[in-house]
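Visitor: this one's structure only:
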């Protein structure tokens with residue numbers, strides 16, 4: 001019995017330990033990300049305080065830690081700065097309203113089962129997007145690291161401004177910030193990230209308070225108000241909501257993608273399954289909480305989830321214990337944070353995003369898929385030149401155009417029979433295969449759809465005319481076309497007429513059920529000699545193996 005009790009209690013103890021480790025990492029990180037979003041530091045803390053427990057109620061993941069992220073913080077800052085007009089109160093209201101709109105979009109997407117739509121943002125786009133965001137963030141944080149007052153927006157203007165004002169570097173601030181960044185990057189190779197970040201923050205606060213660094217020109221963080229926040233509905237108008245739709249949609253899409261990607265990563269590691277659709281509801285609940293507690297949109301993040309996993313989390317309850325630890329800090333330990341140097345916060349952000357700029361993923365894509373490599377580059381360059389929101393939209397549009405261009409020129413192959421069996425293979429790839437006498441077997445290696453059917457028809461006719469044996473039968477193998485649209489049916493009818501005029505018959509093989517139903521619905525199935533569901537090429541040819 002004692003052993004059984006011990007076994008039952010150990011997961012709880014593991015979640016408590018993981019929650020404390022997560023809180024130690026999340027407190028300074030969330031304050032830094034809140035500053036990145038243009039909000040006071042407590043906005044980041046409030047995000048972790050409420051988002052974690054609400055997310056834990058609905059998530060199917062055991063390890064995802066939810067809170068402010070660098071990408072969402074940059075999106076909020078880029079979109080809200082012009083809308084708020086320099087009013088910090090209105091800025092906070094708009095940020096909270098955006099979180100509520102993200103929650104509403106998450107619920108709508110859950111009801112409509114739209115979780116597949118986010119697949120339009122592919123992994124290559126995410127690779128480029130994350131690298132671009134990391135560079136943009138770095139361009140904004142390097143001046144804080146050096147003690148330079150930044151008066152520029154955009155990646156290139158920020159870099160140019162910093163370079164032009166390097167002589168204004170505050171040497172003590174730069175020494176503190178660069179030292180903190182070096183400590184984090186070096187020590188994280190041997191120690192858990194939460195321990196390193198907490199240690200650097202504690203040392204920075206102690207040095208700032210003990211040496212009076214603020215009196216020496218080192219800027220420190222805004223004071224965090226003590227106590228827990230009360231829920232309040234943010235004030236915003238219908239016009240504000242209309243202005244925030246694009247930002248909210250971008251935050252929802254990127255937040256859901258990142259959350260599910262992180263969830264799947266740790267689910268594979270620990271051999272359990274996650275339900276992406278449930279993550280939509282969990283994300284909605286978390287953003288309702290952050291919207292009501294004067295925070296801003298949140299999502300699952302890789303860095304905090306890795307800390308949660310390294311801390312030994314067994315379930316989502318670790319998020320609840322992390323929130324409890326943050327609540328204790330807000331109640332009793334906010335005083336020391338008024339000594340935290342801004343340069344340390346900049347170092348935390350730079351360390352967090354440093355892993356997002358990697359050459360290896362780009363190199364791999366360039367070697368295996370030039371089209372996906374171009375999509376990643378477009379996302380990267382788009383974010384740098386156009387900003388985060390427009391950059392990712394450009395990448396999505398460009399990626400879709402490249403996919404359409406590829407599908408509009410579908411791959412195809414002429415098929416022949418392998419000696420001794422009924423298997424038909426690509427004649428160009430298998431020299432031992434032989435074409436069927438008197439027949440041309442043509443396979444479309446991509447689905448038929450309205451913008452590629454004309455090219456398929458022209459290609460079949462071209463191969464037929466180029467065949468010196470003048471085949472009397474053309475077999476079109478359609479195993480990769482699960483359904484037909486009207487243009488596909490029309491094209492097949494036109495192809496049948498063209499071939500019949502030249503003395504050949506057109507037959508269809510490997511026709512899927514839905515495609516066959518469409519042929520019957522359009523009344524054209526009999527034009528191809530009668531079509532049987534999933535009839536093989538050999539069956540259509542009506543010949544035995546030889």
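Guide: Structure received. In this text the structure is predicted, and so the values were computed from the model without any measurement.
Visitor: okay, CA-based contacts and neighbour counts for the rest of this
Guide: Fine.
Visitor: Give me the distance between the longest helix belonging to the chain and the centre of its chain.
Guide: Taking DSSP state H as the assignment, the helix of the chain that covers the most residues is helix 2-36. Centroid displacement of helix 2-36 relative to its chain, using Cα atoms, centre = their mean, to the nearest Å, is 25 Å.
Visitor: and it, what does it pack onto?
Guide: helix 41-58, helix 70-84, helix 193-211, helix 302-310, helix 317-332, helix 342-353 (3 or more Cα pairs under 8 Å, 6 or more residues apart in numbering; DSSP states H and E).
Visitor: So which residue is dead centre in the protein?
Guide: For the chain, the residue sitting closest to the mean C-alpha position, by Cα atoms, centre = their mean, is residue 257 at 3.8 Å.
Visitor: Show the subsequent helix or strand relative to the helix or strand hosting it.
Guide: If you go by DSSP states H and E, residue 257 is part of helix 238-270. Per DSSP H and E, helix 238-270 leads on to helix 276-292 as the next helix or strand towards the C-terminus.
Visitor: between that following helix and helix 41-58, how many degrees?
Guide: Relative orientation of helix 276-292 and helix 41-58, computed by axes from the mean of the first three to the mean of the last three Cα atoms, to 10 degrees: 150 degrees.
Visitor: what's downstream of helix 276-292, the next helix or strand?
Guide: Immediately after helix 276-292, counting by DSSP H and E, sits strand 299-300.
Visitor: Pairing partners for that next one, with directions?
Guide: Strand 299-300 has its sheet partners listed here by DSSP bridges as strand 66-67 (antiparallel).
Visitor: Pull the residues that contact the partner strand.
Guide: Contact with strand 66-67 is made by 30, 44, 47-48, 51-52, 55, 298-301, 304-305, as judged by Cα atoms under 8 Å, 6 or more residues apart in numbering.
Visitor: give me that answer again for 7 Å
Guide: By Cα atoms under 7 Å, 6 or more residues apart in numbering, the residues outside strand 66-67 that reach it are 47-48, 51-52, 298-301.
Visitor: Turn these into JSON lines, columns for pLDDT and neighbour count.
Guide: Listed next are the contacts of strand 66-67 as JSON lines, based on pLDDT from 0 to 100; neighbours: other Cα atoms under 10 Å:
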{"residue": "47", "pLDDT": "92", "neighbour count": "28"}
{"residue": "48", "pLDDT": "92", "neighbour count": "30"}
{"residue": "51", "pLDDT": "95", "neighbour count": "33"}
{"residue": "52", "pLDDT": "95", "neighbour count": "31"}
{"residue": "298", "pLDDT": "96", "neighbour count": "33"}
{"residue": "299", "pLDDT": "94", "neighbour count": "31"}
{"residue": "300", "pLDDT": "90", "neighbour count": "27"}
{"residue": "301", "pLDDT": "82", "neighbour count": "23"}
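Visitor: quick one on the thing from earlier: for the longest helix of the chain, list every residue counted as buried.
Guide: 11-12, 14-36 (16 or more other Cα atoms under 10 Å).
Visitor: quick one: average pLDDT of it?
Guide: Helix 2-36 shows a mean pLDDT of 74 in the predicted model.
Visitor: what's the answer for stretch 100-107, then?
Guide: On average, stretch 100-107 scores 96.
Visitor: Pull the number of nearby residues for the nearest residue to residue 113 once chain neighbours are set aside.
Guide: Nearest residue to residue 113 in three dimensions, chain neighbours excluded: residue 277, at 7.5 Å (Cα to Cα, 6 or more residues apart in numbering). A total of 20 residues lie near residue 277 under the criterion other Cα atoms under 10 Å.
Visitor: quick one: residue 277 and residue 110 touch, right?
Guide: Yes - under the criterion of Cα atoms under 7 Å, residue 277 makes contact with residue 110 at 6.3 Å.
Visitor: how about the helices of the stretch 351-500 of the chain, start to end?
Guide: For the stretch 351-500 of the chain, the helices defined by DSSP state H, counting those that start in this stretch cover 359-368, 370-386, 388-408, 453-466, 486-501.
Visitor: looking at those, which one has the lowest mean pLDDT?
Guide: helix 388-408 (a mean of 75).
Visitor: Distance from the chain centre to it, please.
Guide: Worked out by Cα atoms, centre = their mean, helix 388-408 lies 15 Å from the chain centre.
Visitor: okay, the angle between that helix and helix 238-270?
Guide: Compare the direction of helix 388-408 with that of helix 238-270 by the same axes, to 10 degrees and you get 60 degrees.
Visitor: Out of the helices of the stretch 351-500 of the chain, which is the most enclosed?
Guide: Comparing the helices of the stretch 351-500 of the chain by mean neighbour count (mean count of other Cα atoms under 10 Å), helix 370-386 comes out on top with a mean of 22.
Visitor: Please list the outside residues in contact with stretch 407-419.
Guide: 423-427, 432-436, 441-446, 451-452, 455, 546.
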